[in-house]
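> Next one to model:
(3 chains)
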Amino acid sequence: MKFSGFKVVKEALTGHKGWRPLWRNPDPKPAYDIVIVGGGGHGLATAFYLAKTFGALNVAVLEKGWIGSGNAGRNTTIIRSNYLLPGNQPFYEFSMKLWETLEQDTNFNSMVSQRGIINLIHTDGQRDAYRRRGNAMRLSGADARLLSRDELKKMVPFLNCDNARFPIKGGLMQPRAGTARHDGVVWGYARGADMRGVDIIQNCEVTGFRIEDGRVLGVETSKGFIGAKKVGVSVAGSSGRVMSMAGMRLPIESHALQAFVSEGLKPTIPGVITFGAGHFYVSQSDKGGLVFGGDIDGYNSYAQRGNLPVVEDVLEGGMALMPMIGRARLLRSWGGLVDMSMDGSPIIDKTDIDGLYFNGAWCYGGFKATPAAGYTFAHLLATDRPHETVTAFRFDRFNRGYVIDEKGVGAQPNLH
Amino acid sequence: MLIPHPLLGLRDSQEFTYFGDASLMWRPDPEAPEAEAAFCEYVFLRDNPAGVHRELWFHEQGDRSWLVVTRDTTTHEILGAELASDVKGAAQ
Amino acid sequence: MTRLSGGLIDRSRPLNFTFNGISYTGFEGDTLASALLANGVQLMGRSFKYHRPRGVFAAGSEEPNAMVELRTGARQEPNTRATVTELFEGLTARSQNHMGPLHRDFLAVNDLLSPFFAAGFYYKTFMWPKAFWEKLYEPAIRKAAGLGSLSMLPDPDDYDKGFLHCDLLVIGAGAAGLAAALAAGRAGAEVILADEDFALGGRLVMEGDLLDEALATGWVATVKAELESLPNVRIMTRTTVFGVYDHGIFGAVERVSDHLPTPGDKVRQTLWRITAKRTVLAAGATERHMPFADNDRPGVMLAGAMRAYANRWAASPVKRDDDAIAIFTNGDDGHRTALDLIAKGAKVLGVIDTRETAPKFGDYEVFAGATVTGTKGRLGLTSIEITRGGRSEWHSVGALGIAGGWNPNVHLASHHRGRPVWNERLLAFVPSPDGPKGLIPAGAAAGKGGTAEALEDGMAAAIKALAELEISAAEISLPKAENASAEQVAFWHVPGQKRAWVDFQNDVTVKDIALAHRENMTPVEHLKRWTTLGMATDQGKTSNVSALAVMAELTGKSIPETGTTMFRPPYTGVSLAVLGGGDSGPLFRPRRLTPTHHWAAAQGAEFVEVGPWMRAQYFPRKGEMQWRESVDREVLAVRAGVGLCDVTTLGKIDVQGPDAGEFLNRIYANMMGTLKVGKVRYGLMLREDGHAYDDGTCARMGEDHYVVTTTTANAGLVYRQMEFAHQCLWPDLDVQLISTTDAWAQIAVAGPKSRALLSRIVDDFDLSNEAFPFMSCAALTICNGLRARLFRISFSGELAYELAVPARYGHALMARLMEMGADLGVTPYGTEALAVLRIEKGHAAGAELNGQTTAQMLGLGKMVSVKKDSIGAVMSRREGLAADTRRLVGFRSADPQTQIMAGSHLFPEGAEQNMATDQGWITSACYSPHMKGYIALGLLEDGAARLGEVVVAANPLEGQAMKLEVVSAHFVDPEGGRLRD
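Below is the predicted model of the structure:
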């Protein structure tokens, strides 16, 4: 069934009788060519591109709960490609390009909205660092603008630039960045994958890997054994827990990241704004809520909830930056579970176990990577070769000394 | 969170700075034949358990002691806290 | 006016207020909602999506409909629930989310178009043409969406945060909470009793129930007086406990002055962090409704709310006194409302009871086995259709109360992700036994909603909680009370063809749930996200359980199998400002001031934020038009004469003990143990992963005593790292550390005349080059006996010293040096000149030591000793680090007057410019008055071997590209003669 304005009108006039399930609820087959563990945005995008681009016909996605129940459904929906290092920037720019055609590719409105992101500058040193970053973006084909203080004030007049502990001196803007409706991304990929024959199996928890002679044969699940020639694990947040079932230790810690949404408000904030002197970033959803977040809680956690000090820290930043939000109310906060890696960058790679592939370590930034992570993980699963944009995302970069450390803080995950 | 400091009693976790897995106390022998590989494992790889975790906290806004705190990462329940130097001393 | 008799309003204190510009009068004790109802106003707002007319639905914080923009100007407060807004003199409120007047909202056209706006419609359209999303569709959606609006002006009020500790926190001051607080208070425990309401009593003051055969208000007043007399009890009204965090920590907001016209000299709200050893959750219960056709008109409300308005606020829900009121119920509870209304003299049509064998408790009509199947009244209810045994008839009514049963407020008990448990007898979810540790639900929140059982349960919970703390609490004598009959049947909604609202604010109907089911959005979280059910400002308090029941019916599963969504903080909306705690504007973070700050300020210095510090950036003199003039002058003064700079912000760590040398050998990449007493060495620290971490000096003041300096940025981090090494890695080493950054004021005295200046203030100390050569250190006295430390070290490349004195003498020392050096032309210099001096000398600073570089890259590779182990030594030898050929070099542009931009990327001349051909970047750049032109430092591939080569510095971000010559990073005195003179 193709979605369109015409179809919506037709159904409206005929009592909405013609809508069908967005995806099936199939029982698992005994075996598949490729099994993806994790029905989040990344896993479903992987399945989608496997089916659409790489011609894989026999693919299943296994999800422990409901699809999109992990970080895909609990993030702050920002998409951007404003990275510095050559190991990262081309990948995120590839992702940005996939976002730009996502709705046409999936026939589902995921509300990709390119309203721009601004990273604020408070010191000369910060401006130099952002100039280096903005130039890296331009050199890899992305867009970037360095905003003066006056340009910034014109664009976002409500920022507290002057009566501030850390006055604002300008910003680095990526106009093509923005937001996308997180659930819409999950559902668009799920529906697109299902239409192309992928079995999406919900409430199917993987409880172990069957590995013989260094080769994976399939997965044990709450719905029984499912055979697979190749298994791709895409469970960021729970990577440590899942990969330990294959006997692997990872360069990853699991941490809690909180996010927040205010009650609905009439249009207030145009794009995405990131405070450079505190832990705070904000955008406004199409429904009207201010969606914002800050730093991770900072200690290992699988609890999917955070604590009060970070809530206060985030709002201290928010009020310092834009004191006009003070009389809005917090509606809801939530806690995600993120894979914090040792250099703050992701991993898309084969493992030492034949047929077992890994996509994870996304820190707090996996959402924006969804299309490209799906595409490149599909590429790796289908061809056994890394896509040209993920050649740096290897396990061995740590031991060999080729880390991709955007923040320059070394092997301390809670600082990335 | 509240951390039961072995000398100072319950203290707010905001007085502390978190570092990571207590395995970081056990630096490999730099003279060993495979020292580089051992160091890479020490620096980069973690058990990252969903459950009981022994971890290092620094009482930065306090008495500046490093503690080994035993905490459940699924519930945040704290099961105990010891001075890191005591832990190290007992093991040596 | 539809004011009834009685109630807890003070008729001697009338209050004037306006709603949508019309003036009304209420009384002290009213809420905005009760005052509007008493003035016959039913229409209070519009719904989110269809812009349907809406009236007040509840009497508490769960209100989904009656949302207003309160106050005006910078104090405008959107989405404010009229039901919890205390009336004050001069209150102004406006309805929100409509275009044109409230009673004629142009956007009500959405309602006519509602078939096109079914759940999730926007995911299926607006995709073509692609560019129209941001330009057309989305702006239109955004404008129509949202509820109230912000003034866009900075919040003018003050906020505060505070910390409280107690043995027992009692959340909710209804029957259970009061009993708990009284029992615990009498036992001498430290008790905090918090309630979101401005009055104590909870449902006790909203019901007509009798305690000890009198209205409950009397008992509540007695208990309040006793609790207020107990020094160990703190009563916090207007205080919402909004979140349960780890280890007994609760977030709470006290609305200190929201009930006043303006806060005056008070804060508006206070954020409390309450640490409680035990907690009794007596948060009560929220009534639910039963969806039926057109159930969303103004005048339709919860039956319990109707009762509350009648009993507590003496307000009738109808527009005119002679309008009749009907009650629709699935149990006995609805009948209580009819009885209370009759007792208050209101006109009651009757009770429509879904049960075939419905009871009758008084003189009113009972429609047994009947349902409400339709309503009329565009802006307010005028009639309802009652259907019984297939026969329908219309009845004129002005209001309809719905009693669908009560949901215990399990929210706070579920904040730690414990799922509530279905209780088939109560037809409701009750708190999970795996709730937060130390939290005991009691009373209606635990499913014990009868007055007598709530009192008993609250007292028992407090006694149990205190027993766990080994505080023995005795039973208290509770007032005589009854448990009202709570008989009910499972009846969830009235099936039908027309729209029946489940979530009022977000316009989610039973049909939308059915559509979600048809589209396989059946998991409850998918249902929520697809339809937006329960995502309104009430967080689903009035809708979720009903929706679950509808979905359960569709899937054939039970309600508990269908599950619940997660409960997360905050319990109700909390202002963003109070969560920030008032630390906004310049108070956002503390400022650290150097010992010479006030001196510098008196000289007219410009200051700059350097991490937490404020440092003098430069010292403008009269006639200097722009900062460069001042900086150039300061730099030249240092190179030609003598300059003074406060460098106190550099980290200082005192290291003492017999093993101090060995310890520092392990901390620094280079050797420190061999340093002679009285000598200083430049030191480089690595991270354990082998990358460069921090640099500074290490001075050996005595046999067992070293003084380490760090960069300003890493002062705390290096100290933390050294304590880690000491306590966790090598506790066997006999060494002690302490940070002395704050203890010593340190002033750089730099320039060829620095020795001459210092010689005027030292006490009998030989400063000659022979006696105190480059890289010497000493403890000495200056200015006739002031204890000081002197280091002959240089950041500028000139003959230079750093002089440290106890911090409290920093200001005086600076003044004395200025005075003593007047004839030498002594010049204070700031961070800008400091930076120029170090770039001219080729010293690495923050831009080079950025955590991504190695010792080799910085030209310091030889400092990493291979004779000993140190932190980072092993891993610095890894392949990838060794293979990195980028080196720190200097750059000069062909035209020395063209500014070089730090952050430019470096390319070979003539090469295409992209990430693959990128060879490095400019790390730092400045105008060098010494070189009379712009110079820069940067990291360039094979840089050390390319001196003299021309490269291109590209800055496409600002449309620039320039040719630069690669030169040595040491622009000044590359042989280092000056600093050794």
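> Assumed residue C:666 was part of a helix.
Yes - applying DSSP: H, G, I helix; E, B strand; the rest coil, one finds residue C:666 inside a helix.
> That one contacts residue C:871, doesn't it?
Yes - using CB atoms under 8 Å, residue C:666 makes contact with residue C:871 at a distance of 6.5 Å. (Each C-beta comes from the backbone N, C-alpha and C, glycine too.)
> Which residues are in contact with each of these two?
residue C:725 (CB atoms under 8 Å, 6 or more residues apart in numbering or on different chains).
> just checking, what packs against the longest helix that chain B contains?
Longest helix in chain B, counting residues (DSSP state H): helix B:35-44. Other helices and strands packing on helix B:35-44, by 3 or more CB pairs under 8 Å, 6 or more residues apart in numbering or on different chains; DSSP states H and E, are helix A:397-400.
> buried ones in the helix it packs on?
A:397, A:398, A:399 (16 or more other CB atoms under 10 Å in any protein chain shown).
> Looking at those, which is nearest residue C:453?
residue A:398 (61.0 Å; CB to CB).
> Chain neighbours aside, what residue packs nearest to the closest one?
Leaving aside its chain neighbours, residue A:398 sits nearest to residue B:44 (4.5 Å; criterion: CB to CB, 6 or more residues apart in numbering or on different chains).
> rewinding a little: could you give the separation of the longest helix of chain B from the chain centroid?
Distance of helix B:35-44 from its chain centroid, counting by CA atoms, centre = their mean, to the nearest Å, is 18 Å.
> Give me the next element, helix or strand, following that helix.
strand B:52-58 (DSSP states H and E).
> do you know how far the closest residue to residue C:928 other than its chain neighbours is from residue C:955?
Among residues not flanking residue C:928 along the chain, residue C:935 sits closest, at 4.6 Å (CB to CB, 6+ apart). Applying CB to CB, to the nearest Å, the value for residue C:935 to residue C:955 is 16 Å.
> Who is the residue nearest to residue C:928 paired with across the strands?
Counting by DSSP bridges, residue C:935 forms beta bridges with residue C:892, residue C:926.
> what do you get for residue A:211?
Beta bridges link residue A:211 to residue A:216, judged by DSSP bridges.
> quick one: it and residue A:352 touch, right?
No - applying CB under 8 Å as the test, residue A:211 and residue A:352 come out as separate, 10.7 Å apart.
> Just want to know which of the two has more residues nearby.
More crowded of residue A:211 and residue A:352, by other CB atoms under 10 Å in any protein chain shown: residue A:211, with 18 against 10.
> wait, what's in contact with the more buried one?
A:217, A:246, A:353, A:356.
> Show the contacting residues for whichever residue of chain B sits closest to chain A.
Residue nearest to chain A within chain B: residue B:48 (3.5 Å; CB to the nearest CB). By CB under 8 Å, 6+ apart, the residues touching residue B:48 are A:240, A:241, A:244, A:249, A:250, A:252, A:253, A:254, A:300, B:21.
> try residue B:82
The contact partners of residue B:82, taken as CB under 8 Å, 6+ apart, are B:6, B:67, B:68.
> residue ranges of the strands in chain B, please?
Per DSSP state E, chain B carries strands over the ranges B:2-5, B:9-12, B:17-21, B:52-58, B:66-72, B:78-83.
> export the ones you listed to a markdown table and tack on distance to residue A:6 and mean pLDDT?
Below are the strands of chain B laid out as a markdown table (distance: least, CB to CB, whole Å; pLDDT from 0 to 100):
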| stretch | distance to residue A:6 | mean pLDDT |
| --- | --- | --- |
| strand B:2-5 | 60 | 98 |
| strand B:9-12 | 60 | 96 |
| strand B:17-21 | 55 | 98 |
| strand B:52-58 | 55 | 98 |
| strand B:66-72 | 54 | 98 |
| strand B:78-83 | 59 | 98 |
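> okay, those strands, which one's buried deepest?
A comparison of the strands of chain B by mean neighbour count, using mean count of other CB atoms under 10 Å in any protein chain shown, puts strand B:66-72 on top with a mean of 23.
> other SSEs contacting that strand?
strand B:2-5, strand B:52-58, strand B:78-83, helix B:84-91.
> let's go with 7 Å and repeat that
strand B:52-58, strand B:78-83, helix B:84-91 (3 or more CB pairs under 7 Å, 6 or more residues apart in numbering or on different chains; DSSP states H and E).
> Show me which residues of chain A sit near chain B.
A:240-241, A:249-254, A:298-303, A:307, A:309, A:342, A:398-399, A:411-412, A:414 (CB under 7 Å from any CB of the partner chain).
> Now intersect the residues you listed with the strands, please.
Members of the residues of chain A next to chain B lying in strands (criterion: DSSP E): A:252, A:253, A:254, A:298, A:299, A:300.
> nearest to chain C, of those?
residue A:299 (10.5 Å).
> tell me the contacts of the nearest residue to that closest one once chain neighbours are set aside?
The shortest distance from residue A:299 to any non-neighbouring residue, by CB to CB, 6+ apart, is to residue B:18 (4.5 Å). Residues counted as contacts of residue B:18 (CB atoms under 7 Å, 6 or more residues apart in numbering or on different chains) are A:298, A:299, A:414, B:57.
> From residue B:16, how far out is the most centrally placed residue in chain B?
Closest residue to the average C-alpha location of chain B: residue B:56 at 2.2 Å, with CA atoms, centre = their mean. The gap separating residue B:56 from residue B:16 is 10 Å, by CB to CB.
> what's the answer for residue C:168, then?
27 Å.
> So for the two, which sits in the more crowded spot?
A count of neighbours by other CB under 10 Å puts residue C:168 above the other of residue C:168 and residue B:16, at 30 against 24.
> would the more buried one count as being in a strand?
Yes - counting by three-state DSSP, one finds residue C:168 located in a strand.
> I'd guessed it sits against residue C:465; true?
Yes - here residue C:168 reaches residue C:465: they are 5.7 Å apart, a contact under CB atoms under 7 Å.
> and for these two, which residues touch both?
C:278, C:280.
> Mind naming the longest helix for chain C?
Longest helix in chain C, counting residues (DSSP H): helix C:451-468.
> How is the chain partitioned into domains?
Chain wasn't specified; assuming chain A. A:27-108+A:182-252+A:343-415, A:117-177+A:254-340 (automatic domain parsing).
> think we crossed wires, I meant chain C
Following automatic domain parsing, chain C resolves into domains at C:10-115, C:159-285+C:408-468, C:592-649+C:743-837, C:651-739, C:885-980.
> Can you lay out these as TSV showing mean pLDDT?
As requested, those are exported to TSV (pLDDT from 0 to 100):
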stretch	mean pLDDT
domain C:10-115	96
domain C:159-285+C:408-468	97
domain C:592-649+C:743-837	98
domain C:651-739	97
domain C:885-980	96
